[in-house]
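Colleague: What follows is a predicted protein model with its sequence.
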Amino acid sequence: MPSEVQGSNTAAARPRVAVVIPCYREVDHIGAVISGIGEGVARIIVVDDACPDHTGDHVRAQCADPRVEVIVHERNTGVGGATLTGYRRALETGADIVVKLDGDGQMDPALIPALIEPIAEGEADYAKGNRFHQLDHITQMPALRIAGNLVLSFACKLSSGYWNIFDPTNGYTAIHAKVAERLPFGKISKGYFFESDMLFRLNLLRAVVADVPMHARYGDERSGLRISRALFEFTAKHWINTAKRILYSYFLRDFNAASVELVLGMVLFGFGVVFGALKWYESSTSGVVTTAGTVFIAALPIILGSQMLIAFLDFDTRNIPAAPIHRRL
């Protein structure tokens, strides 16, 4: 009898997992993706984002898995918009953890248990795949995509505040339902910037994010994300999110020594650069050698300002959320 009770409690403690699959022209791959999802998943939500090839109709006609539900958008909203639609439906069905899995076959459904483990164990609120953790898998990735990810990853660290997270464009993610419920769905980017913007929004909630090693599978699928276009579009959005995060985290929600270091560092550094540039221009046009005292007045603020900005950056890199918030929600 005690063993039966223990088994019942274990089953009751198992989280209810829902998988959201945003789709756009995925008829060739969606069947294999769905069939690869294990029994540990309670519900599979396929979101047809106004697919020209009618991926949703294809799933309805060809898939007999009772866990599958198809939602069709009348107009295309982007991968982020389709994912958020799936999130809403997953929350309505009572999911505890929601996994986002692309329908192009690049993400192995067999990795779902490893992806949700940090959340199920209470160690994180959000988990995402990292294709760069194992070096032998990187050789399968196109060189341009590797270079683009390096640039975007650093920009994402600045804008999100998660300095310990890499591979920000990786869309293989999982989130605790209690945390998803508190996301501002109306403000999150609906396009390919969705994953990076999610990290920014999660940091404002002080959610804990975990990187989960994974490998990507590259076949005949074609990605809609173009690194050349994303570098310019994403860079602008990252700068906007960086300014918002710093303003909210260091001046609205809190004000500490790092806040003072940032302000004084920017003022001193800016003054030194402007003053030094003006004096250099005057010297070059008049032919009069600048005095040592003038050089000192320009150099000292630059040195002090640089030190303060470095101190602020050091504080920010250590100011990463460490206590999962879903435990107290």
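Modeller: Thanks, I have the structure now.

Colleague: From here on, just use CA atoms for contacts and neighbour counts.
Modeller: OK.

Colleague: any weak-confidence spans in the stretch 151-300 of the chain?
Modeller: For the stretch 151-300 of the chain, the stretches with pLDDT under 70 are 216-230.

Colleague: Please read the previous query as pertaining to the stretch 1-150 of the chain.
Modeller: 1-13, 135-142, 144-145.

Colleague: As a check, name the ranges of all helices in it.
Modeller: For the stretch 1-150 of the chain, the helices defined by DSSP state H, counting those that start in this stretch occupy 2-13, 30-35, 55-62, 79-92, 112-120, 135-138, 143-160.

Colleague: Any chance of those in TSV with distance to Val70 and mean neighbour count as columns?
Modeller: As requested, the helices of the stretch 1-150 of the chain are exported to TSV (distance: least, C-alpha to C-alpha, whole Å; neighbours: other C-alpha atoms under 10 Å):
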stretch	distance to Val70	mean neighbour count
helix 2-13	28	10
helix 30-35	12	18
helix 55-62	6	17
helix 79-92	10	21
helix 112-120	20	20
helix 135-138	33	12
helix 143-160	31	19
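
Colleague: Turn those into TSV, including distance to Ser286.
Modeller: Below are those laid out as TSV (distance: least, C-alpha to C-alpha, whole Å):
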stretch	distance to Ser286
helix 2-13	79
helix 30-35	72
helix 55-62	72
helix 79-92	58
helix 112-120	66
helix 135-138	57
helix 143-160	42
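
Colleague: buried residues in stretch 64-79?
Modeller: Within stretch 64-79, the residues that count as buried by 16 or more other C-alpha atoms under 10 Å are 68-72, 78-79.

Colleague: what's the farthest-apart pair in these?
Modeller: Spanning the widest gap among those are Val68 and Gly78, at 21.2 Å by C-alpha to C-alpha.

Colleague: ok, Leu158 - contacts?
Modeller: Shown in contact with Leu158 (C-alpha atoms under 8 Å, 6 or more residues apart in numbering): 238, 242.

Colleague: Report the residue ranges of every domain in the chain.
Modeller: 2-229, 255-318 (automatic domain parsing).

Colleague: Just the ones of the buried residues of stretch 64-79 in strands?
Modeller: In this view, these that belong to strands under DSSP state E are 68-72.

Colleague: can you put those residues in JSON lines and add distance to Val47?
Modeller: Shown next, in JSON lines, are those (distance: C-alpha to C-alpha, whole Å):
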{"residue": "Val68", "distance to Val47": "11"}
{"residue": "Glu69", "distance to Val47": "9"}
{"residue": "Val70", "distance to Val47": "6"}
{"residue": "Ile71", "distance to Val47": "5"}
{"residue": "Val72", "distance to Val47": "6"}
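
Colleague: Gly36: which of the residues you listed is nearest?
Modeller: Nearest member of those to Gly36, counting by C-alpha to C-alpha, is Val68, at 12.8 Å.

Colleague: Can you give the distance of stretch 34-51 from its chain's centre?
Modeller: Counting by C-alpha atoms, centre = their mean, to the nearest Å, stretch 34-51 is centred 21 Å from the centre of its parent chain.

Colleague: I meant to write stretch 81-88 there.
Modeller: Centre-to-centre, stretch 81-88 and its host chain are 16 Å apart (C-alpha atoms, centre = their mean).
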